[in-house]
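1. Pasting the sequence and the predicted model now:
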Amino acid sequence: MRSRELQQYLASITGRPLSEIDQRCRPLRDISRTSEDQRLKISTGPRGQSAPHMEIAEGMFHFLTLVSRRPADALDVAQSLFSNCRLIRHPDHPGLSEAFRGEARLLASFMVVAMNKGYETAGFKIRSFELQEDGQAAWMTFDRRSLTNVRFLFSSSDELQHLSEEDSDRLFRSIDSISAGNRFVIGADHLRSVGKRILLERPLAEATSDDDLVVATSELFDVAAIAER
C-alpha cells in the first residue's frame, strides 16, 4: 500500500477533501530528515506507481496526521502523539496497565499492534482510539476477557506520567471534564483493514494469508506477563 492510496482511503472514511489529506500528509516526506525520533522512518522515493510501499508504522502515522484541528499543525501534533504520549496508570486495573513496560507504554505501540493481530494472544480486543486535537492526550477502548469497554488513558505530559497512585486516580476520574478541544476517533476495524493491506502488498512479503499477518511484537511487550493479569 502506498501513501497516496492510504490518503484516498482516509478521505473516504472521514469525508474530508483529498486536498486536505494531502496537505496534512505532505510533510511526512521530510520527516526522516527532520525528526529527532529515530524510531520513525518514512520511505521516500518516486511517486505514482513507482512509489515505495509503506510499513505498518508509516501507515499509523498517516492516521495521526488527521488529529489536529488545523492542517498546518498536523505534523507537530502527530509527532507528539507518536513520540511522547504514554500510558497512565489505570486506577481500576493497575496490574493490567502496569504490565506494559518501556516502549510498550507508547500510544504508538498500541496503535501499531491494533493494525495487526499482536495482542490477540493476550486476550485483548482493541475497539477504538480517541485522540485529542492538541496531541496531549488519548484514550483507547478495549475488551479483555470478562472486562468490556475498558479505557486506557495516555498523556504526552511527563508530569502526568509520574503521578502518585492517589493523584493518578484523581486525574483519571476527571480527565474527560478537564480535557480541552475536539477528539479524532478512529475504530480499530479501520486500522486493522489498513494494516492487513500493508502487510499483504509488501514486495516479497512472506505473509500470504490472514493467519500470517502478525508483525513481530516481542520487543514491545511481554505477552505472557500481560496474559497473567
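-> Perfect, I can see it now.
2. drop to CA atoms for contacts and neighbour counts, all remaining ones
-> Noted.
3. residue boundaries of the helices in the protein?
-> Ranges of helices in the chain, per DSSP state H, are 3-14, 18-25, 31-34, 56-64, 74-83, 94-97, 107-114, 165-178, 188-201, 223-227.
4. and those helices as CSV, adding mean neighbour count?
-> Output for those, formatted as CSV (neighbours: other C-alpha atoms under 10 Å):
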stretch, mean neighbour count
helix 3-14, 16
helix 18-25, 18
helix 31-34, 14
helix 56-64, 22
helix 74-83, 22
helix 94-97, 16
helix 107-114, 23
helix 165-178, 12
helix 188-201, 19
helix 223-227, 15
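5. okay if I get these as a markdown table plus distance to residue 159?
-> Below are the helices of the chain laid out as a markdown table (distance: least, C-alpha to C-alpha, whole Å):
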| stretch | distance to residue 159 |
| --- | --- |
| helix 3-14 | 33 |
| helix 18-25 | 29 |
| helix 31-34 | 26 |
| helix 56-64 | 23 |
| helix 74-83 | 15 |
| helix 94-97 | 18 |
| helix 107-114 | 17 |
| helix 165-178 | 11 |
| helix 188-201 | 29 |
| helix 223-227 | 25 |
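6. and the gap between the most far-flung residue of the chain relative to its centre and residue 90?
-> Computed with C-alpha atoms, centre = their mean, the residue of the chain farthest from its C-alpha average is residue 166, at 27.8 Å. Separation of residue 166 from residue 90 (C-alpha to C-alpha, to the nearest Å): 11 Å.
7. Likewise for residue 141?
-> Residue 141 is 12 Å from residue 90, by C-alpha to C-alpha.
8. joint contacts of the two?
-> Residues touching both residue 141 and residue 90 (C-alpha atoms under 8 Å, 6 or more residues apart in numbering): residue 152.
9. residues contacting the spatially most central residue of the chain?
-> The residue lying closest to the centre of the chain (C-alpha atoms, centre = their mean) is residue 111, at 2.9 Å. Shown in contact with residue 111 (C-alpha under 8 Å, 6+ apart): 60, 191.
10. where does it land on pLDDT?
-> Residue 111 is assigned 93 on the pLDDT scale.
11. Could you do residue 44 as well?
-> You'll see residue 44 listed with a pLDDT of 56.
12. What of residue 100?
-> Per-residue confidence at residue 100 stands at 89 (pLDDT).
13. Residue 106 now?
-> Note on residue 106: pLDDT of 94.
14. Surely it touches residue 86?
-> Yes. Using C-alpha atoms under 8 Å, residue 106 is in contact with residue 86, at 4.4 Å.
15. How many neighbouring residues does residue 117 have?
-> For residue 117, the neighbour count with other C-alpha atoms under 10 Å is 22.
16. Against residue 65, how distant is it?
-> For residue 117, the distance to residue 65 equals 23 Å [C-alpha to C-alpha].
17. Then residue 171?
-> 27 Å.
18. what does residue 9 give?
-> 14 Å.
19. now residue 91
-> Noted for residue 91: a distance of 30 Å to residue 65, by C-alpha to C-alpha.
20. what about the two, which has more around it?
-> Remark: of residue 91 and residue 65, residue 65 carries more neighbours, 25 against 17, as counted by other C-alpha under 10 Å.
21. For the residue nearest to that one when sequence neighbours are not counted, which residues are in contact?
-> Leaving aside its sequence neighbours, residue 65 sits nearest to residue 74 (C-alpha to C-alpha, 6 or more residues apart in numbering; 4.8 Å). Neighbouring residues of residue 74 by C-alpha under 8 Å, 6+ apart: 24-25, 64-68.
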